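Chemist: Any chance you could fold what I've pasted below:
(chains A and B)
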Amino acid sequence: MNRTTTSVQPSDTTTVTSAAGSAPAAEPAPLTFRPGPPDGTGRPEVRRSTSTVRAGDVRALLGALAGALGLTVVLFTRIAPFDGPLGFVVVAYLFFVGLYAVLVSFAESGMAVRDRAAAVVIHSLAVLVVGALVFVVAYTLWRGRSALPHLNFFTDDMSRTGPVQPLTSGGMLHAIAGTVEHMAISLAITVPLGLACAVFLSEVPGAYARFVRTIVEAMTALPSIVSGLFIYATVILILGLEKSGIAAALALSVMMLPIIIRASDVVIRLVPGSLREASLALGASQWRTVWTVVLPTARSGLTTAVILGTARGIGETSPVLLTAGYTTDMNLNPLHGPQVSLPLATFELVRSPQPSFIARGFGSAALLMGLVLLLFVVARIIGGRGPGELTRRQTHRRVLASRRDAERMGGLRGTGPGGGTYVERSDASTYTDRPPEPPGPAGPMEQLST
Amino acid sequence: MTFTAPALGTTDEPRTIKRSAGLPDQLFRGLARGSGGVVLVIMLLVGTFLGYRAWEALRVAKGSFLTTAAWEPDSHHFGIAAVLTGTVLIGLVAIALALPLAMGTALYISEYAPRRVRRTMVSLIDLMAAVPSVVYGLWGAFFLQSHIVGLSRWIATYFSWIPIFKVHGAEPGDPLATTTVYTSSTFIAGIVVALMVTPIACSVMRETFFQAPVGEREGAYALGATRWGVIRTVVLPFGRGGVIGGTMLGLGRALGETIAVYMIISPAFVIQPRILENGTNSVSSLIALRYGSASDFGMSALMAAGLALFLMTLVVNFVASSIVARSRSGAGTEA
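Modeler: Sure, this is the predicted structure:
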């Protein structure tokens, strides 16, 4: 810019036209030129930082933090008769937000000050929530540390353990067995029924399906004690079954069914419609389309839905409380006699005043928490990908299957195996008719024609 | 490609399009409809059977079922006035605490978090929604109970002019006064339930915040809005349905919570509107407390209480899910 304005600095108009006409001939205009620095010193521009964090922002945050801590300490020790760690944190936080807003307002306009203050508040709310939730879980694991190291905690039941016996006696094997049996029976009921209902909701649409979906959605947050009460009213009071593992499993099934249906329905609806239509256009029946296209595509999501439903069901106490009864003995028969589960054992143990029972209660809660964590990690590993996305192993398996198909087709044509070769890559595989080495006298076309 | 024109004189009649479903397809559809029907029947049976079993008690109690605070079913003097008040108050305390927490976390995840942090946060929040309620109950009963009384006393001392924060029997001037009057209260149960429902409300809100249209977001940025400006003018108005629906879903969960509440409160069969004071009750903990020692008629009365809880959560959930469904645009689900 500077160059053009300085070079074309005419004294009158005639020279302008002559200069404009003769300039290209005399000195070819550069195709591109770099604007010099505005001060005209010719120094190259300094490279600018594109980071969204500025040094001033960090300084303002640190300064506000230091100021808030200092003010609060002064307030608590010198000025006001305040005490207590909670009050300290709250007052320091209020000072921090105020000081930060003041510091930002030195450099920015009112709109930016509000933006920064809102950002600080939102960040701190997120930190508070995560911190509180992690603390709840960590507290249980920490209090369970005294019971968990004893091996008998996992291999023994409580039938021969009195209230004053130490932690080296008695364990939670009966509750573990009960939990495993409850979940096995519940899953045997909810997985086929839930998945079939989810398929129904998305594959056979209509007014009836909409009605069922509405009811299921409303039932997702059915109070767990109501499902226990329902099974108590029907299975135990009317059918005359005693309090047993199967009644507890039925109550858990009533609770888990809407959760699994809703999660599976969402996953099945995510299957691209184009895949369905492609299958139908190839002449497949609706049943074949669901069985070979929709369900395999949604497999990882469906597994996740089932596992998350299991994680919810495994920790429920109140349905089991009403329907399973409480026992300290090992009972492997779900049809007869009370059968306790891990959350119910936790609940009953911590009601005792004995420290060793409370320690065992925390131990079984920690065990339960560990199970839920495990289920959750497995669900994340399986369900981390969207429908249709394959792992490396699945890709590899599919390539092998496709190669087998090609060999079979080649065999049908009578040219022997190896009608084509595959080029495998890390992320995808492509089929090519061309072998990697230069083709001999018989090219691919000749092979096909023979 | 050439078309052969229909011969003169013959008109091309509209053909009937018949969709012939083979036997496997008919079987499949029948099976699918059947499973939908089974699920529907189970869900409807829950309400029907509770109503059927509760009928005996409701016929005796009539209108006084809603107005009596005591629970003595064997002398035919019982009602859900106290437990229903307690349930609603615990739910309201929980929601008042969970709403800002869930909204802040959801806004952080959708607007501020870097990509890696965002995925971790989403997993963490989902995990927390699956933490067993007995774990929250343990934390509330063994840790929070003894550490929160200071806050309860502070609120009671300085805000007792607000009726719900009044505490009978408290002596704020006496430093040696016992703090047991502040334990096992609605407030403490509400805090624990708030932690339980925050992840649920948060994940609903996060989903709707993500769905705020990109065009409007970028338009706001292009007009020079700050990030908070975008949140205030685009994200929150578009996510309003999610905020309301998520809050109500959380409320539905809070109303039905049993074990965590049962472990914290000390049951009282009076209408207790003072949330900081010892003693409260909820429908679900009443059932858990009394089912073991109930006579046949007492069981019927408990079923009536369960039915009331069921209907209340059903209405709340129904309204919530219809609000969420209306705020969710159909785009993105069907490719």
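
Chemist: how many other residues sit next to A:Ala304?
Modeler: Let me fix one detail, which is that residue A:304 is Thr and not Ala. Neighbour count for A:Thr304, taken as other C-beta atoms under 10 Å in any protein chain shown: 22. The C-beta positions use only the backbone N, C-alpha and C, and glycine is treated the same way.

Chemist: just A:Thr234 next, same as before
Modeler: So A:Thr234, with other C-beta under 10 Å, has 21 neighbours.

Chemist: how about it, what does it touch?
Modeler: If a contact means C-beta atoms under 8 Å, 6 or more residues apart in numbering or on different chains, then A:Thr234 has B:Leu45, B:Phe49 as its contacts.

Chemist: Pull up the per-residue confidence for A:Pro37.
Modeler: With respect to pLDDT, A:Pro37 scores 61.

Chemist: all helices for the stretch 151-300 of chain B, in order.
Modeler: B:186-210, B:214-222, B:227-230, B:236-238, B:240-256, B:259-264, B:283-290, B:296-327 (DSSP state H, counting those that start in this stretch).

Chemist: Would you confirm that B:Gly36 contacts A:Ala209?
Modeler: Yes - B:Gly36 lies in contact with A:Ala209 (C-beta atoms under 8 Å); the separation is 6.7 Å.

Chemist: Please produce TSV containing the helices of the stretch 151-300 of chain B, extended by distance to A:Lys243 and mean pLDDT.
Modeler: Formatted as TSV, the helices of the stretch 151-300 of chain B follow (distance: least, C-beta to C-beta, whole Å; pLDDT from 0 to 100):
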stretch	distance to A:Lys243	mean pLDDT
helix B:186-210	27	90
helix B:214-222	56	92
helix B:227-230	56	92
helix B:236-238	50	89
helix B:240-256	22	88
helix B:259-264	18	89
helix B:283-290	15	88
helix B:296-327	14	85
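
Chemist: Check those helices for me and report the most buried one.
Modeler: helix B:259-264 (a mean of 28; mean count of other C-beta atoms under 10 Å in any protein chain shown).

Chemist: Could you list every helix and strand in contact with that helix?
Modeler: In terms of contacts (3 or more C-beta pairs under 8 Å, 6 or more residues apart in numbering or on different chains; DSSP states H and E), helix B:259-264 is packed against helix A:342-350, helix B:133-139, helix B:186-210, helix B:283-290.

Chemist: switch to 7 Å and redo it
Modeler: Using 3 or more C-beta pairs under 7 Å, 6 or more residues apart in numbering or on different chains; DSSP states H and E, the elements in contact with helix B:259-264 are helix B:133-139, helix B:186-210, helix B:283-290.

Chemist: pull the CA atoms of that helix into PDB?
Modeler: Output of helix B:259-264 as PDB, limited to C-alpha atoms (Å, rounded to 0.1, in the frame of the first residue of the first chain):
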ATOM      1  CA  ILE B 259     -33.000 -45.800  50.200                       C
ATOM      2  CA  ALA B 260     -30.900 -42.700  50.400                       C
ATOM      3  CA  VAL B 261     -33.800 -40.800  52.000                       C
ATOM      4  CA  TYR B 262     -34.600 -43.600  54.400                       C
ATOM      5  CA  MET B 263     -31.000 -43.800  55.600                       C
ATOM      6  CA  ILE B 264     -30.900 -40.100  56.500                       C
END
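
Chemist: how deep is B:Pro163 tucked in, by neighbour count?
Modeler: By other C-beta under 10 Å, 8 other residues sit near B:Pro163.

Chemist: Please report how far it lies from B:Ile265.
Modeler: As judged by C-beta to C-beta, to the nearest Å, B:Pro163 and B:Ile265 stand 20 Å apart.

Chemist: Check A:Pro334 too.
Modeler: With C-beta to C-beta as the criterion, A:Pro334 and B:Ile265 are 33 Å apart.

Chemist: Likewise for B:Phe142?
Modeler: Separation of B:Phe142 from B:Ile265 (C-beta to C-beta) stands at 15 Å.

Chemist: May I see the buried residues of whatever helix or strand A:Leu252 lives in?
Modeler: Assignment of secondary structure by DSSP states H and E places A:Leu252 within helix A:245-269. For helix A:245-269, the neighbour count (16 or more other C-beta atoms under 10 Å in any protein chain shown) marks A:245-265, A:267-269 as buried.

Chemist: ditto for stretch A:203-223
Modeler: So for stretch A:203-223, counting by 16+ other C-beta under 10 Å, buried means A:203-204, A:209, A:212-213, A:215-223.

Chemist: Could you find the lowest-pLDDT member of these?
Modeler: Out of the buried residues of stretch A:203-223, that is A:Ala221, at 74.

Chemist: Can you classify it by secondary structure?
Modeler: Taking DSSP: H, G, I helix; E, B strand; the rest coil as the rule, one finds A:Ala221 in the coil state.

Chemist: Next, A:Gly325: secondary structure please.
Modeler: The local conformation at A:Gly325, judged by three-state DSSP, is coil.

Chemist: What's the separation between the closest residue to it other than its chain neighbours and chain B?
Modeler: Using C-beta to C-beta, 6 or more residues apart in numbering or on different chains and skipping residues adjacent in sequence, the residue nearest A:Gly325 is A:Pro338, 2.9 Å away. A:Pro338 is 12 Å from chain B, where distance means C-beta to the nearest C-beta, to the nearest Å.

Chemist: residues in contact with A:Pro338?
Modeler: For A:Pro338, the contacting residues are A:Lys243, A:Ser244, A:Ala324, A:Gly325, A:Tyr326, A:Thr327, A:Asn331, by C-beta atoms under 7 Å, 6 or more residues apart in numbering or on different chains.

Chemist: so which of those residues is the most crowded?
Modeler: Using other C-beta under 10 Å as the neighbour test, these are led by A:Ala324, with 28 neighbours.

Chemist: I figured it hits A:Glu242, correct?
Modeler: No - the pair A:Ala324 / A:Glu242 is not scored as a contact, 10.4 Å apart, by C-beta atoms under 7 Å.

Chemist: Which residue ranges of the stretch 101-250 of chain A form helices?
Modeler: A:110-143, A:152-155, A:173-203, A:207-219, A:224-231, A:245-269.
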